[in-house]
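>>> Structure for the following, please:
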Amino acid sequence: MAKIIARDRLIFALDVPSVVEAERLLDRLQGHISFVKVGLELYTAAGPDMIKRVLDRKMRVFLDLKFLDIEETVRRATAKVAAMGVDFLTIHANRKALAAAVQGREGSALKLLAVTVLTNFDSHDLRDMGIQRSVQDLVTARALLASEVGCDGVVASGEEPAAIRQKVGPRFLIVTPGVRPAGKGVDDHARATTPTQTIAAGADYLVIGRPIRDAIDPVATVTEIVNEMQTAFDARP
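As a prediction, the model looks like this:
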């Protein structure tokens, strides 16, 4: 098996409100990161132009828009994303939405990730929505659904990869947000884990935003995180 390069598996969450702030951070981190997540806040402010700006820097893009709508809308929107040259796109784990996204990306290299349970949710949040299953049971059920429909992977917290692997096997992508270096706060994530814990559990990509964005020295923070990730990947069977 080829060696996993940790730098390629860190996705920096570019969660800022403007192009100016995004460009400032990207200038600072150029050469230190290779994969960027663009989410609702920045996409709302800058739209497809922001995707082009990131791609022009020879960086990969994870577009985290969490599509959930009627099939025709999801299919057509996914086709638009595929044409942009984006690597990853998120879809809520609803069978009809996932199947429509699979149709929409046909013929492209776009990888589809099903959102299982948001990392700021816990069992109390699920009960508020009328869901009586445990978080892990719901996550694994949705991962299996995503695999059956033809998606490439899931977004799940660092607590669930081992259980997901039992359901879908080793080749299904697991992308984990809510990752926090040891000693850092968990912010609004109810199921946060460290890079070492997340990789040991079986995650493939780690999404980290605020610990890097808000650091006094973002480059030094990225270096520390990547070093920890590399050690964890090297130690994994």
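
>>> what separates residue 142 from residue 63, distance-wise?
Distance, residue 142 to residue 63, using C-beta to C-beta, to the nearest Å: 20 Å. In this view, the C-beta of every residue, glycine as well, is placed from N, C-alpha and C.

>>> What is the neighbour count of residue 95?
Residues near residue 95, counting by other C-beta atoms under 10 Å, number 13.

>>> pLDDT score assigned to it?
Per-residue confidence for residue 95 comes out at a pLDDT of 96.

>>> hey, which strand is longest across this protein?
Longest strand of the chain, by residue count under DSSP state E: strand 60-67.

>>> What average pLDDT does that strand get?
The pLDDT scores in strand 60-67 average 97.

>>> other SSEs contacting it?
Applying 3 or more C-beta pairs under 8 Å, 6 or more residues apart in numbering; DSSP states H and E, one finds that strand 60-67 contacts strand 35-38, helix 40-46, helix 48-56, helix 71-84, strand 88-92.

>>> got a markdown table for the ones you listed, with distance to residue 15, mean neighbour count and mean pLDDT too?
Formatted as a markdown table, those follow (distance: least, C-beta to C-beta, whole Å; neighbours: other C-beta atoms under 10 Å; pLDDT from 0 to 100):
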| stretch | distance to residue 15 | mean neighbour count | mean pLDDT |
| --- | --- | --- | --- |
| strand 35-38 | 8 | 24 | 98 |
| helix 40-46 | 6 | 16 | 97 |
| helix 48-56 | 12 | 16 | 97 |
| helix 71-84 | 19 | 17 | 98 |
| strand 88-92 | 14 | 24 | 97 |
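
>>> Output the ones you listed as TSV; include the columns distance to residue 173.
Formatted as TSV, the helices and strands packed on strand 60-67 follow (distance: least, C-beta to C-beta, whole Å):
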stretch	distance to residue 173
strand 35-38	13
helix 40-46	21
helix 48-56	20
helix 71-84	17
strand 88-92	8
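
>>> For residue 199, find the nearest of those.
Shortest separation from residue 199 across these is recorded for strand 35-38, at 15.5 Å, computed as C-beta to C-beta.

>>> Now residue 71: closest residue in space that isn't a chain neighbour?
Taking C-beta to C-beta, 6 or more residues apart in numbering, and ignoring the residues beside it in sequence, residue 71 has residue 100 as its nearest neighbour in space, at 3.9 Å.

>>> Check the secondary structure at the one you found for me.
Using DSSP: H, G, I helix; E, B strand; the rest coil, the structure places residue 100 in helix.

>>> Was I right to think it contacts residue 77?
No - using C-beta atoms under 8 Å, residue 100 makes no contact with residue 77, being 9.1 Å away.

>>> Run through the bridge partners of the residue most central in space within the chain.
By C-alpha atoms, centre = their mean, the chain has its centre lying nearest to residue 175, at 4.7 Å. For residue 175, the beta-bridge partners under DSSP bridges are residue 155, residue 205.

>>> Start at 41, not 1
New numbering, starting at 41: the last item is residue 215.

>>> Please pull out the lowest mean pLDDT helix or strand from the protein.
helix 163-168 (a mean of 71; mean pLDDT, DSSP states H and E).

>>> I'd like the next helix or strand past that helix.
Once the chain leaves helix 163-168, the next helix or strand it forms, by DSSP states H and E, is helix 175-189.

>>> Show me the shaky parts of the chain.
For the chain, residues meeting the criterion pLDDT under 70 lie at 41, 162-163, 165-166, 169, 171-172, 222-232.

>>> Quick check: longest helix in the chain by residues?
In the chain, taking DSSP state H as the definition, the longest helix is helix 258-275.

>>> Cheers, nothing more for now.
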